[in-house]
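>>> Fold the following and give me the result.
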Amino acid sequence: MNNHVADLDVTAWGDFMAPHAQKERMKEILIVDDNVTSLKQIGAYLTGKYNFSMAKSGAQALQICARERPDLILLDVEMPEMDGFATLEKIKQTPVLSRIPVIFLSGNRDIPTEVKCLHLGALDFIKKPIEKNILIHRLELHLKISSYQIQLADSVARMADSISTTIAEMIEWRDENTGGHVLRTSKLVELIGRELLLTGQFDSELSPSALEMIVRAAPLHDIGKISISDTILLKPDKLNDEEFKIMKTHAALGAEILRSMHARMLTQSYLMYAEKIAASHHERYDGNGYPYGLSGDDIPLCARIMAVADVYDALVNSRIYRKSISHDEAFSMIMDGRGTQFDPRIVDAFETALLNSRWNTQKGGFMS
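Okay, the predicted model is just below:
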């Protein structure tokens, strides 16, 4: 994040590196104030301690946040057009920005203003004129708290992912001759998703943060198989109509399990994607899939991605009821399903992703 503000020369500010900066990244502060004098003053206070950017309006601040995610925002309350309150509401409504700590700045000393700032989600309130020592102390305090919160959230996420993957692998061990299906399909989902991000075809549905949650959710796609008896799951021969009817219930049952899990863990947003994937990864683009007969874009994007990854990996790896086929054969079958079984845009991304990645088509994983 460069130290800058439109039409204001501050190129010399914030470029000095603190002695410890080589070991630890300088924190990025966004200062938002329509008063240029105030911006210069705060910038001078931060020089050498933090990297910073400046914005003279709420709209400009949101543009900067869209490009560069600051570690903390200093936000003036009284600004024309979009004031600090409106700016903070926009920030809190944007998932990727909502966790950024915000400190309000204001020359208005009345209690209702301060209470409103805190009610809207600001972590602190500093009155103008700004006193340097108070500002630096508050910044250090809230950046430290934010860092602890991020570390805790990451630890919880890793633990949740580990538990989810272990559960999925336990189910997989009942169903397959060889393990690794949940990990391989997760990698394939990530490869396809990255390619889709590059094409920009699903900008309204797919963002880097959404893809991250989809990849976390992918291992749980077959969790519903926990309710299917071994007699059916491990049958070495083709299932009869009644058995196949029972097998197909794993999609809706899996979605129900994940819906219940999410209700108990509301902060684990990836479970929303997991529910959609479990429910719809056996739907077909032409509407002839199960359990609901959805078609086209009515099938959630995450499930359409999972469908390609799941079928490809199932084909190139042996199952108890059939032997594996070669990559070329499986790839040809995926291509044949373009526009009927699978979303053609997902198939195209799958093709490009495999060509451009280090995916080992012989072993079904990344090359070492």
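>>> so where does M54 fall, helix or strand?
According to DSSP states H and E, M54 maps onto strand 51-55.
>>> Which residues are in contact with the residue nearest the centre of the chain?
The centroid of the chain falls nearest to S209 when counting by C-alpha atoms, centre = their mean (2.3 Å). Contacts here follow C-beta atoms under 8 Å, 6 or more residues apart in numbering; on that basis S209 touches 95-96. Bear in mind the C-beta positions are built from the backbone N, C-alpha and C, glycine included.
>>> And the strand holding M54, what's buried?
51-55 (16 or more other C-beta atoms under 10 Å).
>>> Let me know the average pLDDT across that strand.
Per-region confidence: strand 51-55 scores 93 on mean pLDDT.
>>> confidence score at the residue nearest to A314 when sequence neighbours are not counted?
Of all residues not flanking A314 in the chain, H181 sits nearest, at 7.6 Å (C-beta to C-beta, 6 or more residues apart in numbering). pLDDT, H181: 85.
>>> And D230, by the same measure?
For D230, pLDDT reads 85.
>>> ditto for the one 3 residues further on
On the pLDDT scale, L233 is placed at 84.
>>> hang on, isn't it packed against G224?
No - in this structure L233 lies outside contact range of G224 using C-beta atoms under 8 Å: 11.2 Å.
>>> When the two are compared, which one has more neighbours?
G224 (24 against 19; other C-beta atoms under 10 Å).
>>> how about low-confidence regions in this structure?
Applying pLDDT under 70 to the chain flags residues 1-24, 170, 172-179, 358-368.
>>> How is it divided into domains?
Segmentation of the chain into domains, based on automatic domain parsing, reads 10-130, 155-366.
>>> Distance check, R194 against D297.
21 Å (C-beta to C-beta, to the nearest Å).
>>> and these two? which has more neighbours close in?
Between R194 and D297, R194 has the larger neighbour count (other C-beta under 10 Å), namely 16 against 12.
>>> how near is that one to I299?
20 Å.
>>> quick one: the residue nearest to A314 and D313 touch, right?
Yes - using C-beta under 8 Å, H181 is in contact with D313, at 5.9 Å.
>>> excluding its backbone neighbours, what's nearest L191?
A353 is the one closest to L191 (C-beta to C-beta, 6+ apart), at 4.1 Å.
>>> Isn't that neighbour up against L198?
No - using C-beta under 8 Å, A353 makes no contact with L198, being 9.5 Å away.
>>> of these two, who's got more company?
Shown here are A353 and L198; by other C-beta under 10 Å, A353 has more neighbours (20 against 12).
>>> which SS state does that one fall under?
Three-state call for A353 (DSSP: H, G, I helix; E, B strand; the rest coil): helix.
>>> So which residues of the stretch 151-300 of the chain form helices?
Taking DSSP state H, counting those that start in this stretch as the test, the helices found in the stretch 151-300 of the chain are 181-199, 208-217, 230-233, 241-247, 249-264, 270-280.
>>> List the buried residues in the first one.
Neighbour-count burial for helix 181-199, counted by 16+ other C-beta under 10 Å, picks out 181-197.
>>> Now do that helix: distance to the chain's middle.
Counting by C-alpha atoms, centre = their mean, to the nearest Å, helix 181-199 is centred 13 Å from the centre of its parent chain.
>>> name the helices or strands packed onto it?
Secondary-structure packing of helix 181-199 (3 or more C-beta pairs under 8 Å, 6 or more residues apart in numbering; DSSP states H and E): helix 132-175, helix 208-217, helix 301-316, helix 344-356, strand 359-360, strand 365-366.
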